[in-house]
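Participant: Build me a model from this:
(chains A and B)
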There are 2 protein chains.
Amino acid sequence: MHFSIDRKYFYEKLSVVSRAISVFSPLPALSGICIDVKSDQIILTGSDSNVSIRSTIVRGELNQLDIDSTGSIVIESKYLLEIIRKMDCTMVELELVDYSLVRISSDNGQFNLNGIQSNEYPNIDFSQPTNSFELKSKDLKDIVSQTSFACSDKDTRPVLNGVNFKASNNTLYCSGTDSYRLARKVLPLQINHEFNITIPSKSLNEVVRSINEDEESIHIYVDSKKAQFIFDKTIIQTRLIDGTFPDVDRIIPTSFISSMVIDSKELAGVIDRTNFIRNEKIHLIKLECSSEITRIKTSSSEIGNSDEVLTNCEYTGEDITLSCNGTFMLDAIKALNSEKVKLEFSGLMKPIKIYDPEDDSVIMVIVPIRSYD
Amino acid sequence: MHFSIDRKYFYEKLSVVSRAISVFSPLPALSGICIDVKSDQIILTGSDSNVSIRSTIVRGELNQLDIDSTGSIVIESKYLLEIIRKMDCTMVELELVDYSLVRISSDNGQFNLNGIQSNEYPNIDFSQPTNSFELKSKDLKDIVSQTSFACSDKDTRPVLNGVNFKASNNTLYCSGTDSYRLARKVLPLQINHEFNITIPSKSLNEVVRSINEDEESIHIYVDSKKAQFIFDKTIIQTRLIDGTFPDVDRIIPTSFISSMVIDSKELAGVIDRTNFIRNEKIHLIKLECSSEITRIKTSSSEIGNSDEVLTNCEYTGEDITLSCNGTFMLDAIKALNSEKVKLEFSGLMKPIKIYDPEDDSVIMVIVPIRSYD
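Facilitator: A predicted model of the protein is given here:
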């Protein structure tokens, strides 16, 4: 194995595949990047066994790749990235000099790193699933930012740790829920597919972080075992979560007794200010709503209490007083990222529906909390 | 106690005194800011019992302070700062409503916080020591950034946890050492003083962080027990470290067998690149110097090795090969912050002197490490 390549280009590609690598690697070889040099291209692979990223480098003007001899090796990701990032040269040369010793050299100096032989690297199946569709990068980013925050971070029900993607009748339904709240985004699909899969929210966040700013669209391939996201000669592949995702349609309320339209910034500000007034770590807020005045109160016997009136607020319907998790409400408002939000109340202890009054393709649902005061 | 004040102004002053407050407070009251309202001013105090900061607010155009009644209270620093920072109003009102309950209010809402009565706050003696001198803010900042990094962070010899300030013959000698390296800065003093005190490096860093950008000079008052730094109606006071500071003049080498002048960025770059090649967590670098070629090598049986030639380097004198701690060398180069650095060698296993060839008011000394290869 012996090749030379533009240092900056190589660094960028190494960075992309390194995102899949975990510091707590289940297998020593997985803490490294696998470099596989073919006669006409280099294949870089990084994986934590759940998410795997593969990037292919083909010789071109940008990378100045020059392959002298083929071969493969695994190099500890953090060392390789640090060297390539810090080297003070335009081109860098990598050579397997002896067994698993890799020489990385420039004009002034050289590093010899102990690598791991590539036969110790697990064989990752990058074969392409059959169901395929395309999403705009922006849509994929929005799906992840508007639904994944609502996923559970507890281990009790693994299926809730992921975002559910359900395709049916030319429509894609994306839902995240921890059973106390729900975030759902609905998009039209160009092609009619029928699938129902749950992708770990951690993997989705990795995918989104790896997408370049200038990437227009992402090709997505799914089957019952895995999902692949493909762009710019890079494949990001993730395993799916087994199990049946709950039927979230049932918890989206459809009849209401009252509703409120309010400036998002104001509502977020009031909730955020009281964030430190907590009861057993939960930020409980009490909404007192009537057509005359709407206020948000918090109270903690240890810390103190607060009482603030909402000013830019239109409230219609029955008076209602209920309590909910302020952190959930704030997350929902931030994820909607709209000028105004509409809150629809279906009754005491019944779910609250929250959405942008101008666009109901994204909806948030929060279950109230019983409070005794 | 009842007053109103410009919110932003109040927040800035609270931020300054809060810097002294530690999350690991030895006394519950010390996790709070003491607010003492007099008829014509407010005195804010924060302390972790080692460092104490006192800031006085006198009514003025900038703060719009209006005192309705006097009194005092201690409020949990993190809650008070969060409320005052996040409130959406220009003026804020504070009132002691009942025993130790404080009302913080604006037009739209209010917070009631459980405070601590001020008689539970320790009595901190802010009386002024007799020895006084003045330093430009920039000089004080330079002293701290160029010497405190060399202080010890271990508990074995407490006196080495501080920077020693020795005044003698109209000169101020500031020294930090952990016994393996030394950083010393020398400045002229306007007034002749004789003192020899050691200030905790942690306190000095607090002082420097608290100095406003536009502060020209700092008044410093010292005696054998404490040091005070005064600027803009703010007093930062720190206890001193007891014990005799070692006579560091003895370890500064005076005769040399060779020297090297090199571009600082290049030397720092070469050392930084090899930072990850460590032996039992120590970044050992080997300098091989001769008038023909100078190179830096590192080696670790586990990770690998490196070898780089220094190009922008003038070396004169006997050939020498020695090893030292690369982290220490890098710290010294960064603290000098000069275009070039001069390294003077006094022999195998003898201290290396490092300084800016254009300015020897700051010198660094590093003791080599014996290496067996």
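
Participant: list the contacts for residue A:42?
Facilitator: Contacts for residue A:42 (C-beta atoms under 8 Å, 6 or more residues apart in numbering or on different chains) come out as A:3, A:5, A:35-36, A:56-57, A:65, A:67. No exception for glycine: its C-beta is placed from N, CA and C like everyone else's.

Participant: Mind putting those residues into JSON lines with pLDDT, secondary structure and neighbour count?
Facilitator: Listed next are those as JSON lines, based on pLDDT from 0 to 100; DSSP: H, G, I helix; E, B strand; the rest coil; neighbours: other C-beta atoms under 10 Å in any protein chain shown:
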{"residue": "A:3", "pLDDT": "98", "secondary structure": "strand", "neighbour count": "21"}
{"residue": "A:5", "pLDDT": "97", "secondary structure": "strand", "neighbour count": "22"}
{"residue": "A:35", "pLDDT": "98", "secondary structure": "strand", "neighbour count": "26"}
{"residue": "A:36", "pLDDT": "98", "secondary structure": "strand", "neighbour count": "19"}
{"residue": "A:56", "pLDDT": "97", "secondary structure": "strand", "neighbour count": "16"}
{"residue": "A:57", "pLDDT": "97", "secondary structure": "strand", "neighbour count": "22"}
{"residue": "A:65", "pLDDT": "96", "secondary structure": "coil", "neighbour count": "19"}
{"residue": "A:67", "pLDDT": "97", "secondary structure": "strand", "neighbour count": "19"}
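
Participant: and which of the residues you listed is nearest to residue A:188?
Facilitator: Among the contacts of residue A:42, residue A:56 lies closest to residue A:188 (C-beta to C-beta), at 31.9 Å.

Participant: could you list every residue that touches the closest one?
Facilitator: Contact partners of residue A:56, counting by C-beta under 8 Å, 6+ apart, are A:41-44, A:233-234.

Participant: Filter the residues you listed down to just the ones in strands.
Facilitator: The strands, defined by DSSP state E, take in A:41-44, A:234 from the contacts of residue A:56.

Participant: so the residue nearest the centre of chain A, which of the three states?
Facilitator: By C-alpha atoms, centre = their mean, chain A has its centre lying nearest to residue A:205, at 2.0 Å. Three-state call for residue A:205 (DSSP: H, G, I helix; E, B strand; the rest coil): helix.

Participant: Model confidence for it, exactly?
Facilitator: You'll see residue A:205 listed with a pLDDT of 94.

Participant: measure it to residue A:327 for me?
Facilitator: Relative to residue A:327, residue A:205 is positioned 19 Å away (C-beta to C-beta, to the nearest Å).

Participant: What of residue A:60?
Facilitator: Computed as C-beta to C-beta, the residue A:60 to residue A:327 distance reads 48 Å.

Participant: Looking at those two, which is more packed in?
Facilitator: residue A:327 (18 against 10; other C-beta atoms under 10 Å in any protein chain shown).

Participant: what helix or strand is that one on?
Facilitator: Secondary structure assignment for residue A:327, by DSSP states H and E: helix A:326-336.

Participant: again, but for residue A:9
Facilitator: Assessed by DSSP H and E, residue A:9 sits inside helix A:7-18.

Participant: do residue A:62 as well
Facilitator: Of the helices and strands defined by DSSP H and E, none includes residue A:62.

Participant: That one - nearest residue in space that isn't next to it in sequence?
Facilitator: Excluding the flanking residues, the one nearest residue A:62 by C-beta to C-beta, 6 or more residues apart in numbering or on different chains is residue A:9, at 5.7 Å.

Participant: List the contacts of the one you found.
Facilitator: By C-beta under 8 Å, 6+ apart, residue A:9 lies in contact with A:57, A:62-64.

Participant: Just the buried residues from those residues, in PyMOL please.
Facilitator: The buried subset of the contacts of residue A:9, as determined by 16 or more other C-beta atoms under 10 Å in any protein chain shown, is captured in PyMOL by this line:
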select buried, chain A and resi 57+63
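
Participant: Near chain B, which residues of the stretch 101-250 of chain A are found?
Facilitator: For the stretch 101-250 of chain A, the residues in contact with chain B (C-beta under 8 Å from any C-beta of the partner chain) are A:101, A:108-114.

Participant: Same list (those residues) but as TSV, adding pLDDT and neighbour count.
Facilitator: Shown next, in TSV, are these (pLDDT from 0 to 100; neighbours: other C-beta atoms under 10 Å in any protein chain shown):
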residue	pLDDT	neighbour count
A:101	95	15
A:108	82	16
A:109	89	21
A:110	95	16
A:111	96	27
A:112	96	20
A:113	96	22
A:114	95	17
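
Participant: Need the max-distance pair from those residues.
Facilitator: Spatial extent of these (C-beta to C-beta) is set by the pair A:108 and A:114 at 22.0 Å.

Participant: Can you name the residue of the stretch 201-350 of chain A nearest to chain B?
Facilitator: Relative to chain B, the nearest point of the stretch 201-350 of chain A is residue A:308 (2.9 Å; C-beta to the nearest C-beta).

Participant: do the stretch 101-250 of chain A as well
Facilitator: Using C-beta to the nearest C-beta, the single residue of the stretch 101-250 of chain A nearest to chain B is residue A:109, 2.9 Å away.

Participant: can you count the residues close to residue A:187?
Facilitator: By other C-beta under 10 Å, 17 other residues sit near residue A:187.

Participant: how much space between it and residue A:233?
Facilitator: Between residue A:187 and residue A:233 the distance is 26 Å, computed by C-beta to C-beta.

Participant: cool, residue A:257 as well?
Facilitator: From residue A:257 across to residue A:233, the span is 55 Å (C-beta to C-beta).

Participant: and the nearest residue to residue A:184 once chain neighbours are set aside, what helix or strand is that in?
Facilitator: Excluding the flanking residues, the one nearest residue A:184 by C-beta to C-beta, 6+ apart is residue A:175, at 4.6 Å. According to DSSP H and E, residue A:175 maps onto strand A:171-177.

Participant: likewise residue A:193?
Facilitator: Using DSSP H and E, residue A:193 is not contained in any helix or strand.

Participant: Quick one: residues contacting it.
Facilitator: When contacts are counted by C-beta under 8 Å, 6+ apart, residue A:193 touches A:131, A:133, A:167.

Participant: Kindly state the pLDDT recorded for it?
Facilitator: At residue A:193, the model reports a pLDDT of 88.

Participant: now swap in residue A:351 and tell me
Facilitator: pLDDT at residue A:351 comes out at 96.

Participant: got a list of what it touches?
Facilitator: By C-beta under 8 Å, 6+ apart, the contact set of residue A:351 is A:251-253, A:365-368.

Participant: top of these by neighbour count?
Facilitator: Neighbour-wise, these (other C-beta under 10 Å) top out at residue A:365, 24 neighbours.

Participant: Work out for me the element the nearest residue to it once chain neighbours are set aside sits within.
Facilitator: Once flanking residues are discounted, residue A:365 sits nearest to residue A:182: 4.2 Å by C-beta to C-beta, 6+ apart. Assigned by DSSP H and E, residue A:182 belongs to strand A:181-188.
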